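Colleague: Have a look at this prediction, sequence included:
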Amino acid sequence: MTTVQRSPYRLTPNLFGVAFGTAGLAQCWAVARDTVGAAEWPADVFWILSAALWLVTVPAYVRNVAVRGRLRSELPDQTMGPFTSLAVITPMPLGAALAGHARGAGEAVFFAGLALTALVGSWLTGVWIRADIPLVSWHPAYFLPTAAGGLVAAAGCAALGRPTAARVTLGYGLISWLILASIVLVRLFTQPMLPPPLLPTIAIEVAPPVVAGNAWFAINGGRLDLLAELLGGYAALMALVQVSMFTTYRKAPFGPGHWAFAFSYAAAFTNGVSWLAVEHVRHREPLTYVLLAVASCAWAALAARTVLGLVRGTLLPRVTEPAPPAVPN
């Protein structure tokens, strides 16, 4: 009988942030294409790369979890559980992008991701209601299953020409964000600082207002209205908070958790590109390319550091095997 060789590493679900963050950068280029006529190929390259990363990460993660006997404990895990939702959220922007080239296939991928996102989000919400989770255990990744999932779904539904579904999922995401923010911010304000490996999750705080803003622009046809202005105001606050957190982020050891910066900041740059367009800012084209250059260089730096960590064997946590039992004399 053959045995499955165990990996010496533990694959954690925040690895899905690599594909998700890459999809965020692809979306930034796609919006720039629509607003200032940016080249189409960068968005396509990043969409393909995101899909490839997702296709590599999902089976590797599932195999690692199964071999290590973590199938039942991974989703309810109070630290890493929320990140598992990224596995089912990421196919939504990928499906919406694919629909531009193959409508039927793209819609199938998108709505499969939407259905799975709703199932995972509702199941995790039930777990959080039933579980006795100490306030100190909460962190911004708790936004991912429902708030992020709903807001990403809203943008995708709008892109696919489903306005009613877009508004329904926008409500799903917005209300989830408001409810969870009341818990997460109280935790961040009143409890000790997050452990160093979780510090990058604070970058997720900027994501809900900018992803909601991007979704609303997609729904309302890129017009400036009261909701867009309200979301923009809070997004500006959270962006300034990110600047103030720079020295704190430096305390975090590099790992998969750093990819929390990728999608959050890419979505913020995407929102900035949209605002330049809707406000008809003078010289918006060069300003848009500056934002694209910064976002792309930041992604490249993060990717290079990730590859270096993989080569050196420092990116992923190692699993300590239990010592074999002593053999009696």
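Modeller: That came in fine, so what should we check first?
Colleague: if I pick the residue nearest to E285 when sequence neighbours are not counted, what's in contact with it?
Modeller: Nearest residue to E285 in three dimensions, chain neighbours excluded: V36, at 4.6 Å (C-beta to C-beta, 6 or more residues apart in numbering). To be clear about C-beta, it is placed using only N, CA and C from the backbone, and glycine gets the same treatment. By C-beta atoms under 8 Å, 6 or more residues apart in numbering, the contact list for V36 reads 273, 277, 284-285, 288-289.
Colleague: Next step: those restricted to helices.
Modeller: Counting by DSSP state H, the contacts of V36 place 273, 277, 284-285, 288-289 in helices.
Colleague: Report the two of those residues separated the most.
Modeller: Taking C-beta to C-beta, the two most distant members of the ones in helices among the contacts of V36 are A277 and Y289; they sit 13.2 Å apart.
Colleague: neighbour count winner among the two?
Modeller: A277 (19 against 14; other C-beta atoms under 10 Å).
Colleague: mind listing what the closest residue to that one other than its chain neighbours touches?
Modeller: Spatial nearest neighbour of A277, excluding adjacent residues (C-beta to C-beta, 6+ apart): T35 at 3.9 Å. By C-beta under 8 Å, 6+ apart, T35 lies in contact with 273-274, 276-277, 284, 288.
Colleague: helices and strands of this protein: which one has the lowest mean pLDDT?
Modeller: helix 246-249 (a mean of 94; mean pLDDT, DSSP states H and E).
Colleague: Can you mark which positions in that helix are buried?
Modeller: Neighbour counts over helix 246-249 (16 or more other C-beta atoms under 10 Å) mark no residue as buried.
Colleague: Output that helix in CSV with nothing but the alpha carbons.
Modeller: What follows is helix 246-249, C-alpha atoms only, in CSV (Å, rounded to 0.1, in the frame of the first residue of the first chain):
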residue,chain,number,x,y,z
PHE,A,246,3.6,52.2,8.2
THR,A,247,6.0,51.7,11.1
THR,A,248,3.6,49.2,12.7
TYR,A,249,3.5,47.1,9.6
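Colleague: Now do the closest residue to P8 other than its chain neighbours against Y9, distance only.
Modeller: Of all residues not flanking P8 in the chain, R318 sits nearest, at 5.6 Å (C-beta to C-beta, 6+ apart). Distance, R318 to Y9, by C-beta to C-beta, to the nearest Å: 6 Å.
Colleague: Looking at those two, which one has more neighbours?
Modeller: Neighbour totals were compared for R318 and Y9, and Y9 leads with 15 against 11 (other C-beta under 10 Å).
Colleague: Now do the phi/psi pair for the more buried one.
Modeller: Phi and psi for Y9, reported as degrees, to the nearest 10, are phi -110, psi 150.
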